[in-house]
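S.K.: Quick one: sequence and predicted model below, then my questions.
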Amino acid sequence: MTSYFVTATGTDIGKTYVTAGIIRAARQAGYDASGIKPIMSGYNEFNPEASDAGALLAAMGKPVDQQTIAAISPWRFAAPLSPDMAASREKRSISLRSILTFCRIAAEAAPGLMLVEGVGGAMVPLDNFYTVRDWISALEIPAILVAGTYLGTISHTLTAVEALQARQVNISALVLSESPNSPVPPEETAYAMAKFIPRIPIFIIPRDNNEAAFTRLAWVLAHDDKALQSAFPPERTIPTTSP
Ligand SMILES: Nc1ncnc2c1ncn2[C@@H]1O[C@H](COP(=O)(O)OP(=O)(O)OP(=O)(O)O)[C@@H](O)[C@H]1O
Ligand SMILES: [Mg+2]
């Protein structure tokens, strides 16, 4: 069992896209891989296939119905808002303790690679006290930080890295999921970031023809953290050709 927490610099950056892509690629390569999405906001119960949990189930080759959705996503809210706001609209609250228990049980039960997709960005509130960062830190599993390649991503990404590292969260991989209309090639953005975070392996997921990129990422993640570090020592995270 190898678990990772998939978080991001913000909402709509590519967590589900990347999580589903890793699961699919890992399964195609013969590894057991699964994912959970404990908290969903903006959930439409009449269209479960369109939800994040629906996308993860499809990647796992499982049917998408109310039961399978509930099994991997117990905290579902209708309003497309941050979890604390979405929960309060329904006069509910989110118990971090219960979420931690759910994640731990899911991780124990998973025989292979297990990915926990967070919600929104790393500093999104779950209630009046806790953010996603507290959730990751309490789980004590490494994080995969998903970021974009849009103008402004460098500062957003380095800020998220600082915030996670301030709580001793180990970031196993920074995944740059290519944004539409990126101002420069993703490699140039990766190169600019790598100078400030030389110890974090950076992976690029292009918008097109990204099967090979997902296969490579899945292979590395399916092995333990030591394999990740030795496969991508710090100096190799910086592209050899300068932009
Ligand atoms: N590398 C990529 N190539 C093509 N499309 C992408 C890529 N990354 C993200 N997308 C698309 O961008 C949109 C937002 O991605 P996604 O739903 O994965 O974000 P998210 O971080 O999971 O959002 P949320 O905070 O709502 O969970 C989706 O339509 C997704 O398919
Ligand atoms: Mg998502």
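M.R.: Now that the structure is in, tell me what you want to look at. Ligands and ions are numbered 1, 2, ... in the order given.

S.K.: Other residues contacting the helix or strand hosting residue 135?
M.R.: Using DSSP states H and E, residue 135 sits in helix 132-139. Residues outside helix 132-139 that contact it (Cβ atoms under 8 Å, 6 or more residues apart in numbering): 3, 5, 7, 96, 99-100, 103-104, 116, 118-124, 126, 143, 163-164, 167-169. C-beta here means a position set from N, CA and C on the backbone, and glycine is covered the same way.

S.K.: Separate out the buried members of the residues you listed.
M.R.: 3, 5, 7, 99-100, 103, 116, 118-124, 126, 143, 163-164, 169 (16 or more other Cβ atoms under 10 Å).

S.K.: residue ranges of the helices in this protein, please?
M.R.: Assigned by DSSP state H, the chain shows helices spanning 15-28, 52-59, 66-72, 83-89, 96-109, 132-139, 153-165, 186-194, 211-222, 225-231.

S.K.: List the buried residues of stretch 23-38.
M.R.: Going by neighbour count (16+ other Cβ under 10 Å), the buried part of stretch 23-38 is 23, 24, 25, 26, 27, 31, 33, 34, 35, 36, 37, 38.

S.K.: Of all those residues, the one with the weakest confidence?
M.R.: Within the set of those, pLDDT is lowest for residue 31 (93).

S.K.: Contacts only, for that one.
M.R.: Taking Cβ under 8 Å, 6+ apart, one finds 112, 113, 218, 222 in contact with residue 31.

S.K.: Spatially, which two of those are the most separated?
M.R.: Pairwise distances across those (Cβ to Cβ) peak at 10.7 Å, for the pair 112 and 218.

S.K.: Quickly list what's touching both of those two.
M.R.: Contacts common to residue 112 and residue 218, judged by Cβ under 8 Å, 6+ apart, are 26, 31, 33.

S.K.: is it true that the first one touches residue 222?
M.R.: In other words, residue 26. Yes - assessed by Cβ atoms under 8 Å, residue 26 is found in contact with residue 222 at 5.5 Å.
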